[in-house]
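Chemist: Output the structure for:
(4 chains)
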There are 4 protein chains.
Amino acid sequence: MLIVMKADASQDDIKRVLEVIEHLGFKPHSLPGENRTAIGITGNNGAVDPTHFENLSGVAEAIRVTKPYKLISKDLRPEKSIVKVGNSTVGGNELAVIAGPCAIENAEQVFSVAQAVSESGAKFFRGGAFKPRTSPYAFQGMGEDGLKILAEVREQFGLNIVTEAMDNYGIDLVEKYGDCIQIGARNMQNFSLLKYVGQTRKPILLKRGLSATLDEFLLAAEYIMAEGNYDVILCERGIRTFADHARNTLDLSIVPAVQRISHLPIIVDPSHGTGRNFMVNPMARAGVAVGADGLIIEVHSKPEEALCDGAQALTPKQYLELFEQVKAIHEVISTEKMTLDNSISFS
Amino acid sequence: MLIVMKADASQDDIKRVLEVIEHLGFKPHSLPGENRTAIGITGNNGAVDPTHFENLSGVAEAIRVTKPYKLISKDLRPEKSIVKVGNSTVGGNELAVIAGPCAIENAEQVFSVAQAVSESGAKFFRGGAFKPRTSPYAFQGMGEDGLKILAEVREQFGLNIVTEAMDNYGIDLVEKYGDCIQIGARNMQNFSLLKYVGQTRKPILLKRGLSATLDEFLLAAEYIMAEGNYDVILCERGIRTFADHARNTLDLSIVPAVQRISHLPIIVDPSHGTGRNFMVNPMARAGVAVGADGLIIEVHSKPEEALCDGAQALTPKQYLELFEQVKAIHEVISTEKMTLDNSISFS
Amino acid sequence: MLIVMKADASQDDIKRVLEVIEHLGFKPHSLPGENRTAIGITGNNGAVDPTHFENLSGVAEAIRVTKPYKLISKDLRPEKSIVKVGNSTVGGNELAVIAGPCAIENAEQVFSVAQAVSESGAKFFRGGAFKPRTSPYAFQGMGEDGLKILAEVREQFGLNIVTEAMDNYGIDLVEKYGDCIQIGARNMQNFSLLKYVGQTRKPILLKRGLSATLDEFLLAAEYIMAEGNYDVILCERGIRTFADHARNTLDLSIVPAVQRISHLPIIVDPSHGTGRNFMVNPMARAGVAVGADGLIIEVHSKPEEALCDGAQALTPKQYLELFEQVKAIHEVISTEKMTLDNSISFS
Amino acid sequence: MLIVMKADASQDDIKRVLEVIEHLGFKPHSLPGENRTAIGITGNNGAVDPTHFENLSGVAEAIRVTKPYKLISKDLRPEKSIVKVGNSTVGGNELAVIAGPCAIENAEQVFSVAQAVSESGAKFFRGGAFKPRTSPYAFQGMGEDGLKILAEVREQFGLNIVTEAMDNYGIDLVEKYGDCIQIGARNMQNFSLLKYVGQTRKPILLKRGLSATLDEFLLAAEYIMAEGNYDVILCERGIRTFADHARNTLDLSIVPAVQRISHLPIIVDPSHGTGRNFMVNPMARAGVAVGADGLIIEVHSKPEEALCDGAQALTPKQYLELFEQVKAIHEVISTEKMTLDNSISFS
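Modeler: Next up, the predicted model:
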């Protein structure tokens, strides 16, 4: 924390700030400049709340310099985390591709997509049994029946199941039937849910909120890890901006930003991240080229009849094309050892 | 729903779209233009999903013209809703002022603020026992002990208690101790929570999410009402934008936008909406002038020692100044009957 | 400027930073903490570029603490500026209302609106002879002929003319025919134009850019003032956000933010700031309540036939209603001396 | 254009809308639904202004269905444009790499960078002689002297010169000394400048504005082309959002969005698009993988001493690494013929 005093702050103002710092148990460091004084703070464990100072007389600004990260940080764990999901992993040398329909609608639909996903060589299958929908009158998912269909997909195709839960009830069920619990963008700061899911022992796929900053995203992961579950996979899925040519703005620069600070793996969702069929393939290629550890892709055998998000779903044929293309790019990336070491340490 | 065909769409493309519309049980209306054909859809109850059409051959765009609103709409209830909260109301002729500390920290702090709130003539007291915090290491609230202190405030000062709940457990407790259950911005699209709170019989204060559009905001209220709880108060509390001079951008134009479509009352939160002490008073005045039904204001006896959000809290003295000023503006607004009838109907 | 070193920065890293600071002619102040070292810089005139440091080995962050403001700042001129425009002023005790059509279309249209504006008691007339239009095929304005019509309005009604210029040619003409030169939002960072207009001796109405931060807005004013023209009036006209219920998001919190730092007057444009007729009146009221020095309002005798921006134009009748309402609110504001002293000084 | 009437619109309201449409010379198509009537419009050349209708009695919404594009559109020119710049091209099979320092500071600095750029095999050199700076007190560029240095770079290294102009004076000079005139993001809607540059016969590099939608971006190009200069290269350089981990949010999804509508080539600027050295390489890779026709990259021999934007400049060594990596990805893209045909036609 750095306290910047106003140019016309009095000696009494400065003294008062020093006292408050000491009163809080920290150590003040006065730094007089030509025009104004700045006061540094040390001795704090974790972040100091700037609001202790901002309204004191003579204070111009209180600037945070310490990040409130612990468990997600490379300071704690310099090497990259590899998260085990079912019989495979996310974060290692292989590109993790998670594919499947937006919502589980019926067994037949799911099996025809699973067939294509399995043939592509992907190791993970996605599909929602609980669907967060903007309108209460939209299809809300099949619930436990949907999860049973997913469990059968694992049986028959050997695919590891990634599926969303929206509340404690759903988490208990997904823990039972699935291999990885997805926390959706709209729940990224549902702190009660994060704590609950932090107590499970299944890996978590945590999607970035629509208006989440890097810090908020990482601290949501920190919530889960603080409860003892360290198997967190981050997922960029597009943010909300003014741009209207896509449903969201896929913010790929978060990938190197996360990799600089955290040891957690991060994947990219070009389906929700664009919301438009024709953008999914190019943005998937970009996601792999930027250095993401994997992709999550919506596939539907008849997108025009999908009960949810059909506009962004690929047909199995389009999906197989995408898979070939991203594999080729991933190979180049890996061969050329393109991922730089961008680590930074906060203290 | 309006389907706009591409200029070069074939007659077969058009025929296929007509068939899909009929297959879905709706009625197509073909509208051939000089350069392209558009196809209207009627006969639908509620919104049609554009994704049924967007990827069909020859389709340029599928445009929604029907809003998925029902219960929140002036179509259903043309007169304004007045929501009873404890022994007072929100949405009537009187300006509803809800004031109190961000977090309940201890009885002494709470009572000194409650004294000032009560003296001002406000009818509602706020204060958080469960605090949604970005970091897991920040103060998370006093829980049930905090609610007990709030219940005592009601006893002693006759103030009606508005307080946040973040999960089912919290909702049960707030229903027991409080008069109005607040759903915070980060939970505005926690649909499981909305459904649960829709089954209580206490009024709900629903805060707009940081990146919620008007439609999403109104549909979150629709979720609650669809469960049978019609006592919903909306609250604008600032959205996330690029602007960095305030913590959020308080979007006051949502007030007339809501009033044009919905019968629900809407209040404004200039404390979270700006995050900066010196902006709270001017933005509170603006909120009243724009026609909001009330304000929610953070007050703390010693802002610089607050455990949360001290930078935006007013001192009791600043709060009393604000109260006088907004009362004067509200009087002008009321005398001049400034609120126009801006109703619009969707069908 | 404050340089924050990484936790694992070496003594050599720190030494190198100290050397670079001295090499640049500034004075370094080392501030060792428990976990990391921070280094303050003094002796600089104006802002130091953080990029000198950000990529040096061992540097975590370079944080600016000095603002690059001079002429716009209250440090330089603590009392508020009152800008003379024709025979009236902006920034004094009276609310400045500027009203008129978006574009000058013909003399008849302009005169019928001018009649209403004059009757209301407003002192300023607006109307565009040069129109910045998104499409090259949209109406681009009447040019010099439009300016001549505006000059006649001044003759006949005694109204002071505020009108936009988009290039040097237009500025020369507006300087000749008008009383105040408007620089539009899309030209707020057209630095060549700012410099040119800074050399005129007519007052400037500078509109905030659609994505301008507070700093960028104030520095655009600084560009004009640095050329010797100190008569700058700022104007908030809405920013671009994800919100889609209005054409722009009118960011009223910029008004107290500007008033805290700068002596320049600031007005609000609820017409462009919302783009929707029914929002103009409530947002105009809010703009006055927040403490703005004036309003700029679009009025058209037949909005549905306007060649530009008809959706937001008020009819003369609606305008007169608005004028009465904002006058009443301004009176309350003035009586109650509601504008707080929010000054802050940067050095 | 589609006019949607309110549910309670009267027959007279509908009749009035039909009359206004006919009065404007268009053909109305009434489409009565169960709950409301919609009215289509045909016979228009170019877009109809929705504001003619939005405030008529009984009108709920006026929805545009025709895009105001002409010259930029694939409807006009289905095959992709290849733009000649000096002795090379942008938009063909080869990846166009434009590299060089942000600002021209002195001959020595420029030549040492040009050496590296030339060795890499890139065909284009960038460097600013006129610099748009947020603060009037920041370095504004060397002007004509800088352009002379650039002209020497072309002489000695055979590189084609891309450099920015900010006003008519600068355009005349860049036309004389350079090979491609860059219009910066802050001038993307400086319509006077667009018209002026449309009259030159040098190719134009048009950067997307910080808050420009797809339509606004394409219409800015349309302004240039409407004056007769068809050699426009588009450039995505990051938009302004709430995200604070990078200086801007590089919006790569605009690349397939542009390619679906327009025949113009589009390149990506990962240097300004991120503002941070360590993100430039991964985002450059992503830009190539998404299908862009080229990259523009900042390179400086001593980034920490750069007079502008040093934080994002690559060292020559980092640049050469980047060049190798993007070349490898571009090869994969080309071999696999990954660019899909995403054309759409508007009429």
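Chemist: Could you use CA atoms for every contact and neighbour count after this?
Modeler: Fine.
Chemist: just the strands in the stretch 151-300 of chain A please.
Modeler: In the stretch 151-300 of chain A, the strands defined using DSSP state E, counting those that start in this stretch lie at A:160-164, A:180-183, A:204-207, A:232-236, A:266-268, A:294-298.
Chemist: Would you mind giving the secondary structure of whichever residue of the stretch 1-150 of chain A sits closest to chain D?
Modeler: In the stretch 1-150 of chain A, no residue comes nearer to chain D than A:Lys67, which is 13.4 Å away by Cα to the nearest Cα. Look at A:Lys67: counting by DSSP: H, G, I helix; E, B strand; the rest coil, its state is coil.
Chemist: How about the residues of the stretch 151-300 of chain A by chain C?
Modeler: Within the stretch 151-300 of chain A, the positions near chain C by Cα under 8 Å from any Cα of the partner chain are A:240-243.
Chemist: at 6 Å instead, please
Modeler: Where the stretch 151-300 of chain A comes near chain C, counting by Cα under 6 Å from any Cα of the partner chain, the residues are A:241-242.
Chemist: Now the stretch 151-300 of chain A against chain C: closest residue?
Modeler: For the stretch 151-300 of chain A, Cα to the nearest Cα, closest residue to chain C: A:Phe242, 4.3 Å.
Chemist: From what I see, that residue and C:Thr241 are in contact.
Modeler: Yes. Counting by Cα atoms under 6 Å, A:Phe242 does reach C:Thr241; the two are 5.0 Å apart.
Chemist: So which of the two has more stuff around it?
Modeler: Neighbours per residue, other Cα atoms under 10 Å in any protein chain shown: of A:Phe242 and C:Thr241, the larger number sits with C:Thr241, 28 against 20.
Chemist: Let's see the pLDDT reported for the residue of the stretch 1-150 of chain A closest to chain D.
Modeler: We have a pLDDT of 72 for A:Lys67.
Chemist: so how many other residues sit close to it?
Modeler: 13.
Chemist: Quickly list the domain ranges of chain A.
Modeler: Domain ranges of chain A: A:2-63, A:83-335, per automatic domain parsing.
Chemist: for the first one, what is the average pLDDT?
Modeler: Meaning domain A:2-63. Computed over domain A:2-63, the mean pLDDT rounds to 79.
Chemist: show me where chain A has helices.
Modeler: Using DSSP state H, the helices of chain A run over A:11-23, A:107-120, A:144-157, A:168-177, A:191-197, A:214-226, A:254-261, A:270-274, A:277-290, A:316-335.
Chemist: In terms of mean pLDDT, which of these ranks lowest?
Modeler: Minimum mean pLDDT among the helices of chain A: helix A:11-23, a mean of 89.
Chemist: Mind listing residues that contact it?
Modeler: A:57-58 (Cα atoms under 6 Å, 6 or more residues apart in numbering or on different chains).
Chemist: go again using 10 Å as the cut-off
Modeler: For helix A:11-23, contacts defined as Cα atoms under 10 Å, 6 or more residues apart in numbering or on different chains pick out A:3, A:5-6, A:10, A:25-30, A:37-42, A:48, A:52-53, A:56-59, B:304-305.
Chemist: Enumerate the positions of it that are buried.
Modeler: Neighbour counts using 16 or more other Cα atoms under 10 Å in any protein chain shown place A:13-14, A:16-18, A:20-21 of helix A:11-23 among the buried residues.
Chemist: Could you list the contact residues of the stretch 1-150 of chain A toward chain B?
Modeler: A:20, A:24, A:46-47, A:49-56, A:68-70, A:131-138 (Cα under 10 Å from any Cα of the partner chain).
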